[in-house]
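*Asks:* Make a model of this:
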Amino acid sequence: MVLALYPASFDPITYGHIDIATRAAKIFDEVVIAPYDAPVKNLLFSTEERKAMIIEAIKNVPNIRVEHYKMLTTHYAHEIGAQVIIRGLRTVSDFDYELQLTQNYRNLAPHIEICYLMTSQNFSYIASSMVKEIARLGGDVSQMVPPHIATKLYTAYNTVAIKLT
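*Replies:* Just a heads-up that it's a prediction; the model follows:
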């Protein structure tokens, strides 16, 4: 059985993340989506909120489970027995960061493989930080995140979506 870890902040999870997770679930026996508990980033949602949003978003994929962690990603992968770390790529600029990250992962845990999946073209423009900014300013994020997450974003920012026609 091959267990894959898909770590990120997921603040919030987007259709791009869901695309990567569901495609990974077709490749690997089990996928653990794990929001990192203490990223350097300023988070909008707590770990428990992010975890709950992810669970709702992927509830129809039986071989994905959601956990969270607060340690080095490679240590967590080793702790849960993951043989693979999943990462998603959207743009060329992602590649520069991910290359450095992979080199660090390989240095810390050479026994764990890193698998990159390109986000499907129709989601390549979506980034959590942009989704938050659009929602904060009352823009429509319905094509970027599931409805339950859009609602949470608008509630967090005390805004509503203004749809332009």
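*Asks:* Quickly list what residue 36 is bridged to.
*Replies:* Residue 36 has these beta-bridge partners by DSSP bridges: residue 69.
*Asks:* got a list of what residue 43 touches?
*Replies:* Residue 43 makes contact with 9, 11, 50 under the criterion CB atoms under 8 Å, 6 or more residues apart in numbering. C-betas here are computed from N, CA, C, even on glycine.
*Asks:* Could you rerun that using 10 Å?
*Replies:* Listed by CB atoms under 10 Å, 6 or more residues apart in numbering, the contact set of residue 43 reads 9-12, 35-37, 49-50, 128, 132.
*Asks:* who touches residue 12 in this structure?
*Replies:* 35, 43-45, 49-50, 53-54, 57, 128, 131-132, 135, 141, 144-146, 148-150, 152-153, 156.
*Asks:* Name the nearest residue to residue 149, ignoring sequence neighbours.
*Replies:* residue 12 (4.9 Å; CB to CB, 6 or more residues apart in numbering).
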